[in-house]
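> For reference, the sequence and a predicted model appear below.
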Amino acid sequence: MGTALRSQLVGRVTELDAAREALASARSGQGKLVFVHGEAGIGKTRLCQELRATQDPRRTQVLAGRADPGDAATMFSALADSLRAALRPAEVAARLHRCPRSFG
């Protein structure tokens, strides 16, 4: 009874393979940041769940964040959201405070 039913990921093999490649590259010492974006309902969350499910959590941490499409700094909002979920809020604030203000 300990086995949960999981549906097969359909139509995102290329994207999942690219994300897995990025993780393998990061594990070999080449830093990587992957943004998954697109219209609502196309499977972004499901893709990230599948990626997370196939990784060893002792070797790899897959973070996910959300951002409002109306936000001018959407990518950075998603990054901040993912860090907020993984780290203590005070630590995130301190790290973000040290980041340059200009991204352009």
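Looks like it came in fine.

> which residues touch the residue most central in space within the chain?
Nearest to the geometric centre of the chain sits residue 64, at 3.7 Å (C-alpha atoms, centre = their mean). With contacts defined as C-beta atoms under 8 Å, 6 or more residues apart in numbering, residue 64 is in contact with 45, 48, 52, 82, 85. C-beta: built from backbone N, CA, C; applies to glycine.

> try it again with 10 Å
Residue 64 makes contacts with 36, 44-45, 47-49, 51-52, 78, 81-82, 85-86, as judged by C-beta atoms under 10 Å, 6 or more residues apart in numbering.

> Go through these and say which is closest to residue 28.
Ranked by distance to residue 28 (C-beta to C-beta), the contacts of residue 64 are led by residue 51 at 17.3 Å.

> Could you say which helix or strand holds that closest one?
In this structure, residue 51 is located in helix 44-53 according to DSSP states H and E.

> Using PDB, list the CA coordinates for that helix.
Extracted in PDB, the C-alpha atoms of helix 44-53 (Å, rounded to 0.1, in the frame of the first residue of the first chain):
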ATOM      1  CA  LYS A  44       5.300  23.600 -15.600                       C
ATOM      2  CA  THR A  45       4.600  22.400 -12.100                       C
ATOM      3  CA  ARG A  46       4.300  18.800 -13.200                       C
ATOM      4  CA  LEU A  47       7.600  19.000 -15.100                       C
ATOM      5  CA  CYS A  48       9.300  20.300 -11.900                       C
ATOM      6  CA  GLN A  49       7.700  17.500  -9.800                       C
ATOM      7  CA  GLU A  50       8.900  14.900 -12.200                       C
ATOM      8  CA  LEU A  51      12.400  16.300 -12.200                       C
ATOM      9  CA  ARG A  52      12.400  16.400  -8.400                       C
ATOM     10  CA  ALA A  53      11.100  12.800  -8.200                       C
END
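
> hmm, who's touching it?
6-12, 15-16, 19-20, 22-23, 34-38, 43, 60-66.

> Distance from the chain centre to that helix, please.
When distances are taken as C-alpha atoms, centre = their mean, to the nearest Å, helix 44-53 is centred 9 Å away from the chain's centroid.
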